[in-house]
Structures are given as structure tokens and as C-alpha cells.
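S.K.: Following is a predicted model, sequence given first.
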Amino acid sequence: MSGVRRSRRATVPNPSGAHRLTDPAARRLVRAAGVTSDDLVLDLGAGLGAVTRPLAATGARVIAVERDPRIAAKLEARMAASPQVTVVANDALTVPLPHRPFKAVANIPFSITTPLLRRLVDSRLAAADLVVELGAGRRLVATALAPGPTAARGRQREVAGWHRRFEFSLGPVIPAHRFTPAPPVDAVVLRLRRRPPTPRGRS
Ligand SMILES: C[S@@+](CC[C@H](N)C(=O)[O-])C[C@H]1O[C@@H](n2cnc3c(N)ncnc32)[C@H](O)[C@@H]1O
């Protein structure tokens, strides 16, 4: 560490260019997700816990997944007084997902939006409230709602398939200044809600 000059805002490594949600915005995200103490909730890309903390305050069982082991260790120390929170130093794209229904509420790394959604829709996910890039969120929901004449094409067909299992919608826009540091674009809450199972015999 010696010889390395760091500003007060740069005491935590930020190799992925992470954009952390400010506390009021994180609290709004969690409140709007309707998390209760009965829930099992995953915070994917947990960072230093901007979302983990308000999730823990709901009394839910929280699994905070953070790929960077140094950040995960700091988060674990911060959450030490919250026994219902487990911090897992692992990749959200490969970490084993729960075998029982769970929710995901997270300010995810924007760069993994599509592969993460791909994993989640094939899991026991019940509902998700994920902060994604505004443009990506709008495209996903537009494709899900109206796949259009090119629906047979790979990606559009994939998203349409997701939408058959989950209702996709957009929550509030989160302006770039609600993050630290601010990303170049605004974000939005992408909501997924699992649809009830189709009665047998119907397609
Ligand atoms: C956008 S930041 C959000 C941090 C925190 N949720 C917040 O809002 O302040 C994303 C975090 O995800 C972590 N990360 C990046 N890629 C990841 C991955 N594949 N799996 C798990 N965590 C990842 C980064 O190290 C970073 O801490």
C-alpha cells in the first residue's frame, strides 16, 4: 500500500467500474419491491451493501453475492450484526442459486444484465427488481410485450420466452446522479413477476 496515494472516495477498489446506489435510492428500491420477513432475497453484485442494508432491515433472509473478495470481506464485516445476512464471495453468473423460491433485489453490474436474466428465469426466482441501464430495460420490456414480426429471431424469441414465464415491467427511472460515481446513462428498475402456472391441458 505504501507509496499509493488514494483519495477518501477511492479507499475501495473499483475494478469493475461499479456504480453504487445512493442510500435513499436503495431504500426506495427495496420498499417498492415489497420484501417481507418471510422472503429469501438475493442481492447480486452487492458491493458495500447499499441494497443489502435496507434488505436486512426488512427482516428477510438475505444472500449478498459479491465477486470481489476484498469488497465481500468488508461487506461481511459491515453486516456482522445482521445474522440473517450471508455474504457470498462469488460470481453472480455461477453461484449456486437457491432451491426454493426467492426474490432478487439488486443494483446489478449493467454488463451482466442479459446473462444474469438468463440464469434467473431458469431458476426458482419468484420476483426480481433489478436496476438496469434505462435503454436496456426499455428494450427488454418492449421486446417482451411486443416481440413483433421478427420474434422468431434468436434474442427476441428468447425474451418472448422469458415473458411467457414472467411478467416484465418497468419501475421508476433512477437518474444517473443517484449513483456514486454517476454512470453515463440513467437507469431503471426492471421488474419480473413469475406468472401463475398454466392450468394443465392449456398452453
Ligand atoms: C453496480 S455495483 C453495485 C454495488 C451495490 N449493489 C450498490 O448499489 O452500491 C456492482 C458490484 O458488483 C460486483 N460485481 C461485478 N461483477 C460481478 C459478478 N459477475 N458477480 C457478482 N458481483 C459482481 C462489483 O464488484 C461491484 O461491487
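M.R.: On my side now, so go ahead.
S.K.: now for the helix or strand of the chain with the lowest mean pLDDT, which elements pack on it?
M.R.: The least trusted helix or strand in the chain, going by mean pLDDT, DSSP states H and E, turns out to be helix 154-165, with a mean of 87. Counting contacts by 3 or more CB pairs under 8 Å, 6 or more residues apart in numbering; DSSP states H and E, helix 154-165 packs against helix 113-121, helix 134-145. C-beta coordinates here come from the backbone N, C-alpha and C atoms, glycine included.
S.K.: what's the offset of the last one from the middle of its chain?
M.R.: Mean-position distance between helix 134-145 and its chain equals 16 Å (CA atoms, centre = their mean, to the nearest Å).
S.K.: re the thing from before, how much distance is there from the least confident helix or strand of the chain to the middle of the chain?
M.R.: Worked out by CA atoms, centre = their mean, helix 154-165 lies 19 Å from the chain centre.
S.K.: Over to stretch 170-184?
M.R.: When C-alpha coordinates are averaged (CA atoms, centre = their mean), stretch 170-184 and its chain have centres 14 Å apart.
S.K.: Likewise for stretch 98-107?
M.R.: So, by CA atoms, centre = their mean, the centroid of stretch 98-107 is 9 Å from its chain's centroid.
S.K.: Show me what counts as buried in that stretch.
M.R.: 102, 103, 104, 105, 106, 107 (16 or more other CB atoms under 10 Å).
S.K.: And the furthest pair within those residues?
M.R.: 102 and 107 (17.4 Å; CB to CB).
S.K.: roughly how far apart are residue 91 and residue 100?
M.R.: Residue 91 is 21 Å from residue 100, where distance means CB to CB, to the nearest Å.
S.K.: let me fix that: residue 158
M.R.: According to CB to CB, residue 158 stands 26 Å off from residue 100.
S.K.: could you give the mean pLDDT of stretch 53-64?
M.R.: Here stretch 53-64 scores 98 as its mean pLDDT.
S.K.: can you tell which of the helices and strands packed on helix 154-165 is closest to the ligand?
M.R.: Nearest to the ligand, of all those, is helix 113-121, at 7.8 Å by CB to the nearest ligand atom.
S.K.: How about residue 186: what's its closest non-neighbour residue?
M.R.: Spatial nearest neighbour of residue 186, chain neighbours left out: residue 134 (4.5 Å); criterion: CB to CB, 6 or more residues apart in numbering.
S.K.: same deal with residue 100?
M.R.: Nearest non-adjacent residue to residue 100 (CB to CB, 6+ apart): residue 124, at 6.0 Å.
S.K.: so is residue 64 in a helix, a strand, or just coil?
M.R.: On the three-state scheme (DSSP: H, G, I helix; E, B strand; the rest coil), residue 64 is labelled strand.
S.K.: quick one, phi psi at the residue nearest to it when sequence neighbours are not counted?
M.R.: Once flanking residues are discounted, residue 64 sits nearest to residue 46: 3.7 Å by CB to CB, 6+ apart. Phi and psi for residue 46, reported as degrees, to the nearest 10, are phi -70, psi -20.
S.K.: what's near enough to touch residue 46?
M.R.: Counting by CB atoms under 8 Å, 6 or more residues apart in numbering, residue 46 makes contact with 52, 64, 65, 66, 72, 75, 87, 106.
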